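Q: Build the 3D model from these lines:
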Amino acid sequence: MFAARHSNETVQAELTRNMVEAMLRSFDSLATPEGTVTVEIRDNAMYVANGSGPSEFLGLAALPTALGYIK
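A: As a prediction, the model looks like this:
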């Protein structure tokens, strides 16, 4: 994996088993011809970019603080 740009910023993501399994289930249909997928992290959620349509939602490891009232 190569970064598209150089940055001093580190990005971390928490993944649940369900999120990894969801990525594996959709990997072949979303992978590029080179066999890679692009993962997007936004709004505390993880998505796999889909070049031919909307990104596929993989999951949310934890509720954002602002939604903590939801149980």
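
Q: so where is the protein shaky, pLDDT-wise?
A: 1-7, 61-65, 67-68, 70-71 (pLDDT under 70).

Q: thinking E56 is in contact with F27, fair?
A: No: taking contacts as C-beta atoms under 8 Å, E56 lies outside contact range of F27: 10.3 Å. No exception for glycine: its C-beta is placed from N, CA and C like everyone else's.

Q: Compare those two (neighbour count), which wins?
A: More neighbours surround E56 than the other of E56 and F27, with 18 against 13 (other C-beta atoms under 10 Å).

Q: dump the residue contacts of that one.
A: When contacts are counted by C-beta atoms under 8 Å, 6 or more residues apart in numbering, E56 is found next to S26, L30, Y47, V48, N50.

Q: What about the residues you listed, which are in helices?
A: Taking DSSP state H as the definition of helices, the contacts of E56 contribute S26, L30.

Q: Show me which of the contacts of E56 are buried.
A: The neighbour-count test (16 or more other C-beta atoms under 10 Å) marks L30, Y47, V48 as buried among those.

Q: who touches A31 in this structure?
A: A31 sits next to V37 when contact means C-beta under 8 Å, 6+ apart.

Q: what separates it from A66, distance-wise?
A: 34 Å (C-beta to C-beta, to the nearest Å).

Q: Ok, M46 next?
A: On the measure of C-beta to C-beta, M46 and A66 end up 18 Å apart.

Q: Comparing those two, which shows the higher neighbour count?
A: Higher neighbour count among M46 and A66: M46, with 24 against 8, using other C-beta under 10 Å.

Q: Not counting sequence-adjacent ones, nearest residue to that one?
A: Leaving out its chain neighbours, the residue that sits closest to M46 by C-beta to C-beta, 6 or more residues apart in numbering is L58, at 4.5 Å.

Q: and that neighbour, backbone torsions?
A: phi -100, psi -30 (degrees, to the nearest 10).

Q: Quick one: residues contacting it.
A: L58 makes contact with M19, A22, M23, V39, A45, M46, Y47, V48, according to C-beta under 8 Å, 6+ apart.

Q: thought V11 was touching I41?
A: Yes: under the criterion of C-beta under 8 Å, V11 makes contact with I41 at 6.6 Å.
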